[in-house]
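In: quick one, fold the following:
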Amino acid sequence: MCRVKERFRVIWHVSFALVLAFTLTITTLGGIDGLSVQYSRAAGGIFGGGTGTPGDPYMIEDVADLQAMKNNLTAYYALSNNIDASATSGWNGGQGFEPIGDADNRFSGGFDGGNYAITGLYINRPGTNNVGLFGHIGDDTGATVIKNVNLVNTTVIGARGTGTLIGRVTGNANTLIEKCSSVGGSVTGNGATGGLIGSFNSWRTTPGGTDNPVVHYSYTNVAVYSSASGGGRDKFGGLAGCSQKGTIQNSYSRSSVTVTDGSRIGGLAGCIDLRGEILNSYSTGLVSVTNCVSVGGLVGNSEGPGGNFGVVINSFWDIQTSGQATSAGGTGKTTAEMKTETTFTDAGWNFDDIWNIDSLVNDGYPHLVWTNFAPTELTITGTFTAQDKTYDGTNNAEFDTYNLALSGILGGDDVSLVNVIIRFSSINVASNQIVNITSATLAGIDAGKYILSLVGAPTATADITALAISVAADDKSKVQGTIDPALTYQVTTGSLAVGDEFTGELEREPGEAIGCYDILQGTLAIDDDNNGNNYELTFVQGTLSITADSEETPPVQYYLAISSTEGGSVTEPGEGVFSYDEGTVVYLAAAPDTGYRFDRWTGDVSTIANIESVATPITMNENCSIIAKFAAVSWSPITNPIVPGWCFIATAAYDSPMAEEIQVLREFRDKYMLTNPVGRILVDIYYYISPPIAEFITECPCLKPVVRFLLLPVVAMSTVVVNTFPA
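Out: The predicted structure is shown next:
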């Protein structure tokens, strides 16, 4: 019969051991891969006042407030000052600013820029549709108004529906974009991409003309590019990529438009072919195309299905600067004619309240009165070289050297070129890719007199090479005749770029006999924007070990014997890594009546050895540790597993080292405890205090239920960790 005093002594020691286990679990969880914290930038949202109503809008004071608009898409906002948005280039893992509104949740409130400037906005989301400061706006019946917004040196990269100000408009006649501009920088997309707006359409599915959204009194001077990836590269324009069911009036574009393998491309709008309208507007930018159709100086295409045609009234394009002699609408003029007021007044343009013209302003082209002045345009000359790089999922590029200058500075004005950013034309692996200047900033005392055009800016070439990724299959085991475990793997070298992912599954060699089978790559591959060609994938095979079912065919027990000859004596192993002199030969000996059974190896494990007989030797390596795991043999309990000096608290409580709870605790110990310094110290303490407590529990069976109850939290926590966070 157990003495009460001794019981309390043992329970106290058990509790101490459990506290150690809990401490170790918490310590271990801190280092488990996979418990990553999802980081997202906290948008401001404090604002500088206001209640978000039309009469009392939220006042935006900084770029954090600007981003916070995404939290309320029906409110009304206004800028209270100029906004420096250059910090967005480092947001969201390089993706930059998150567009306001998307296809499922459109922005339907209002935004008044107050004629302030938003400078340096950066968005890099090449796989995302509807990208811009505003991603998707509009409403079937309500009024959504974006006005008085000036974007400066903006960089926007998206997929279909991409613009610097708005990616996609799906509105009605009360949807207005007025007195807005975008100057400097670039916009890149794979379709429906424009200098100000990507896709500009009515909410109605029927052809437009009666319920079109309107953009007026607006202008652009940016570089518009088609991306090298994605299908359906069509609808590119200097102001709007697609304006099939939209109305553009009293506006102009001086943007360049560069497209390869595309269609419906224009200096002002790519297409207006579902009764879109262009009134009293013009374009001058270079329209540079390669292998394209439906290209025009002003409009690329105006003829739609079912007899639906777009309308162009009193609008013009510069046939010299655009490089295009034809257009699907409008009238082509020489540069001299485009700088002559009568060209426009003869067409009924209002040069009292809307338009003005001055040979010293806007390079002599007409400008909008509300802008007060249009700065003189400067271009970039010179050369640069770009660095080759390894694929990283972005089109970011770096200079090797550059020798760039500004052309067009008047007199002795103090103007210089700073913050030059270059980018590859594609994110994908390729040799001799075109590298473009996508944005730059003017600095100096007189910088405010000028705007920077990227039209005709120098380019370079560089290579993007494949990224090396190594994947290793996890070793697995199962009992013969049972279902295969899930085949998993670890990435051991490199990491996938944002947006790329692994696809497919591992496979194993067929067979159900006891033994080892290779775990093969199977269909495992990488899904990216280039059919996986952006990566060099190296795969390291794993092993599936099939063992006998101990309930059906009791396996032979084997013990570790250390000897230079077969049949040596059984050696008590202890715990942890087994260290012997280099060159020592290790045998597996048949089980004697007493001894020490090994059901798990700890320490270094690197080479698989199939043990076919008890005399198969394993030699120590130079680090004096066993470099084998015996996958072809199964282990089962010995007749009397409770051996003094070998048994621990949990084994004594559950009566068998093969109990399910013991196996979970053992796996937790091996994979998590012994992999960090704190864990190893706690395990050593546990081993030190455990044997005498285990012996006492064995002698007093009445304690076993109590200890099992106390162990429940540790077993449960270990089970969760082992099954949820593989080491």
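
In: for the chain, what helix or strand is lowest in average pLDDT?
Out: strand 607-608 (a mean of 30; mean pLDDT, DSSP states H and E).

In: now the residue minimising distance to the centre of the chain: closest residue in space, sequence neighbours ignored.
Out: The chain has residue 498 as the residue nearest its centroid, 2.7 Å off, counting by CA atoms, centre = their mean. The shortest distance from residue 498 to any non-neighbouring residue, by CB to CB, 6 or more residues apart in numbering, is to residue 393 (5.4 Å). Yep, even glycine has a C-beta here, placed from its N, CA and C like the rest.

In: ok, then the element right after the strand ranked longest in the chain?
Out: The residue-count maximum for a strand in the chain (DSSP state E) belongs to strand 430-443. Downstream of strand 430-443, the first helix or strand assigned by DSSP states H and E is strand 450-453.

In: now that next one: mean pLDDT?
Out: In this model, strand 450-453 has a mean pLDDT of 82.

In: other SSEs contacting it?
Out: Here strand 450-453 touches strand 181-189, strand 376-386, strand 430-443, going by 3 or more CB pairs under 8 Å, 6 or more residues apart in numbering; DSSP states H and E.

In: about what we covered before: tell me which residues touch the residue nearest to the centre of the chain, please.
Out: 93-95, 393 (CB atoms under 8 Å, 6 or more residues apart in numbering).

In: repeat for residue 349
Out: 280, 314, 355, 366.

In: assumed residue 663 was part of a helix.
Out: Yes. Under DSSP: H, G, I helix; E, B strand; the rest coil, residue 663 falls within a helix.

In: relative to residue 345, how far out is it?
Out: 91 Å (CB to CB, to the nearest Å).

In: of all the helices and strands packed on strand 450-453, which one is nearest residue 486?
Out: strand 430-443 (36.9 Å; CB to CB).

In: list the buried residues for the closest one?
Out: Buried positions in strand 430-443, judged by neighbour count with 16 or more other CB atoms under 10 Å: 430, 433-442.

In: and residue 690, that one's in a helix?
Out: Yes. The assignment for residue 690 by three-state DSSP puts it in a helix.

In: ok, the closest residue in space to it that isn't next to it in sequence - contacts?
Out: Of all residues not flanking residue 690 in the chain, residue 648 sits nearest, at 4.2 Å (CB to CB, 6+ apart). Shown in contact with residue 648 (CB under 8 Å, 6+ apart): 686-687, 690-691, 694.

In: where does residue 325 sit: helix, strand or coil?
Out: Assignment for residue 325 (three-state DSSP): coil.

In: helices of the stretch 251-400 of the chain, residue ranges please.
Out: Using DSSP state H, counting those that start in this stretch, the helices of the stretch 251-400 of the chain run over residues 319-322, 335-338, 341-345.

In: return the most buried member of these.
Out: Counting by mean count of other CB atoms under 10 Å, helix 319-322 has the highest mean neighbour count of these, with a mean of 22.

In: so for that one, what's the average pLDDT?
Out: Rounded mean pLDDT across helix 319-322 is 96.

In: check stretch 681-700 too.
Out: 76.

In: now find how far off-centre stretch 126-135 is within its chain.
Out: Centroid separation for stretch 126-135 versus its chain: 15 Å, with CA atoms, centre = their mean, to the nearest Å.

In: equivalent analysis for stretch 404-412, please.
Out: 40 Å.

In: touching it from outside, list them.
Out: 376-384, 415-417, 420, 437, 442, 449-450, 452, 458.

In: kindly report the same for stretch 63-78.
Out: By CB under 8 Å, 6+ apart, stretch 63-78 touches 41, 43-48, 50, 52-54, 57-60, 83-85, 87-88, 97-101, 105-114, 118.

In: of those, grab the buried ones for PyMOL.
Out: One line in PyMOL is enough to select the buried members of those, burial here meaning 16+ other CB under 10 Å:
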select buried, resi 43+47+50+52+57+58+59+60+83+85+88+97+98+99+100+101+106+107+108+109+110+111+112+113+114+118
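
In: looking at the contacts of stretch 63-78, which are in helices?
Out: Judged by DSSP state H, the contacts of stretch 63-78 include no members of helices.

In: show me the protein divided up by domain.
Out: 1-37+641-727, 58-338, 380-461, 467-547, 556-633 (automatic domain parsing).

In: could you say which of the ones you listed is packed most deeply?
Out: domain 58-338 (a mean of 24).

In: do I have it right that residue 101 meets residue 135?
Out: Yes. Using CB atoms under 8 Å, residue 101 is in contact with residue 135, at 4.8 Å.

In: now do the shared contacts for these two.
Out: By CB under 8 Å, 6+ apart, residue 101 and residue 135 have these common neighbours: residue 107.

In: for the stretch 351-500 of the chain, which segments count as strands?
Out: 355-356, 367-368, 376-386, 389-390, 399-407, 416-424, 430-443, 450-453, 460-465, 467-473, 476-479, 489-493 (DSSP state E, counting those that start in this stretch).

In: which elements pack onto the second one?
Out: Counting contacts by 3+ CB pairs under 8 Å, 6+ apart, strand 367-368 is packed against strand 355-356.

In: pretty sure residue 370 sits against residue 217.
Out: Yes. Residue 370 sits in contact with residue 217 when judged by CB under 8 Å, with a separation of 6.1 Å.

In: what sits in contact with each of the two?
Out: In terms of CB under 8 Å, 6+ apart, residue 370 and residue 217 are both contacted by the residues residue 179.

In: just for the stretch 451-600 of the chain, where's the confidence low?
Out: 549-600 (pLDDT under 70).

In: now with 50?
Out: The model of the stretch 451-600 of the chain has pLDDT under 50 over residues 550-600.

In: next, work out how far apart residue 119 and residue 441 are.
Out: 8 Å.

In: mind listing the shared neighbours of these two?
Out: Joint contacts of residue 119 and residue 441 (CB under 8 Å, 6+ apart) are residue 153.

In: before we move on, the earlier item: chain center to the longest strand of the chain, what's the gap?
Out: In terms of CA atoms, centre = their mean, the centre of strand 430-443 is found 22 Å from the chain centre.
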